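Q: I need the structure of the sequence given here:
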Amino acid sequence: MLQVERRTLRARAVVGTERAGGRTVLRSLRSDPPLTLRQTGPERVHLVSTAAGPLGGDLLELVVDVAAGTTLEIASVASTLVLPGPGTSRVTVRARVGAGAVLRYAPEPTVLAAGCDHRMDVRLELDEDAVVSWREEIVFGRHGERPGACRSRFDATAGGVPLLRQELSVGDPAVDGSPAVYGDARCVGSVLLTGVRPAAPLLSEGCAVLPLAGPGTLVSALAPDAPALRARLTWGEAEAGRASPA
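A: The predicted structure is shown next:
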């Protein structure tokens, strides 16, 4: 039987803004399949997957540069299905948000198919008075299957000072089923919000709203399915939004 060796796929997408005529315009918008960016509004870009994956071995990078005083919203048209392959797949997002700029990052969930080995890395740099809403959601496998392995790392700095350092791991049965970690949950997610900070932690079923040491709030949630996870994160965002400015 003829066997064809699959080569590692490397893809890089870039989006950047600038201020012109008193409004936000896109200074740059470049894509490599499967990371394809489409402008869908004056200040909005959607990620459109133009190929399956990521598959094991794929290396994908998204670079975001939001200039001072501008606004950008990034979403996606569908969930990302991470598939197994010959090696570890990696998605890296590097974002810089300038002084007084606004970034809303809210892609659809990442689904960890059985057998995948995946890494997610976010490096977020915020200048003074930058406002960010950054949502991440992970689903533990497709219906009826165990999830593959994933390690997610989130590093955020504000004004050069660490704001959030967070890492989570999925795919170890001893950890996934522990009542001290995920229990019977099938999804995990978080939202980083800057510019608001409640005076004290807020708790609800499956959701926690935690003020950070710096100018921000972290909403974290667990849920049995993706709709419930989204509802809990939305509740947490609303509660944080009622807090005093950070």
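Q: the chain: helices as residue ranges?
A: Secondary structure of the chain (DSSP state H): helices at 173-176, 226-241.
Q: show me the contact partners of the last one.
A: So that's helix 226-241. Here helix 226-241 makes contact (CB atoms under 8 Å, 6 or more residues apart in numbering) with 109, 133, 135, 137, 139, 187-191, 193, 196, 198, 202, 204-209, 217, 219-223. C-betas here are computed from N, CA, C, even on glycine.
Q: for it, buried residues please.
A: For helix 226-241, a neighbour-count test (16 or more other CB atoms under 10 Å) marks 226, 228, 229, 230, 232, 233, 235, 236, 237, 239, 240 as buried.
Q: quick one on the thing from earlier: out of the helices of the chain, which is closest to residue 12?
A: Nearest of those to residue 12, taken as CB to CB: helix 226-241 at 28.2 Å.
Q: that older thread, got the buried residues of helix 226-241 as JSON lines, with pLDDT and distance to residue 57 columns?
A: Formatted as JSON lines, the buried residues of helix 226-241 follow (pLDDT from 0 to 100; distance: CB to CB, whole Å):
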{"residue": "226", "pLDDT": "96", "distance to residue 57": "27"}
{"residue": "228", "pLDDT": "97", "distance to residue 57": "33"}
{"residue": "229", "pLDDT": "98", "distance to residue 57": "29"}
{"residue": "230", "pLDDT": "98", "distance to residue 57": "30"}
{"residue": "232", "pLDDT": "97", "distance to residue 57": "34"}
{"residue": "233", "pLDDT": "97", "distance to residue 57": "31"}
{"residue": "235", "pLDDT": "96", "distance to residue 57": "38"}
{"residue": "236", "pLDDT": "96", "distance to residue 57": "35"}
{"residue": "237", "pLDDT": "94", "distance to residue 57": "35"}
{"residue": "239", "pLDDT": "93", "distance to residue 57": "41"}
{"residue": "240", "pLDDT": "91", "distance to residue 57": "38"}
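Q: want to throw the residues you listed into a markdown table with distance to residue 68?
A: A markdown table is the format used below for these (distance: CB to CB, whole Å):
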| residue | distance to residue 68 |
| --- | --- |
| 226 | 35 |
| 228 | 38 |
| 229 | 33 |
| 230 | 31 |
| 232 | 34 |
| 233 | 28 |
| 235 | 32 |
| 236 | 29 |
| 237 | 25 |
| 239 | 30 |
| 240 | 25 |
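Q: return the member of these nearest to residue 40.
A: residue 230 (20.1 Å).
Q: could you check how far the closest one is from residue 79?
A: Counting by CB to CB, to the nearest Å, the gap from residue 230 to residue 79 is 12 Å.
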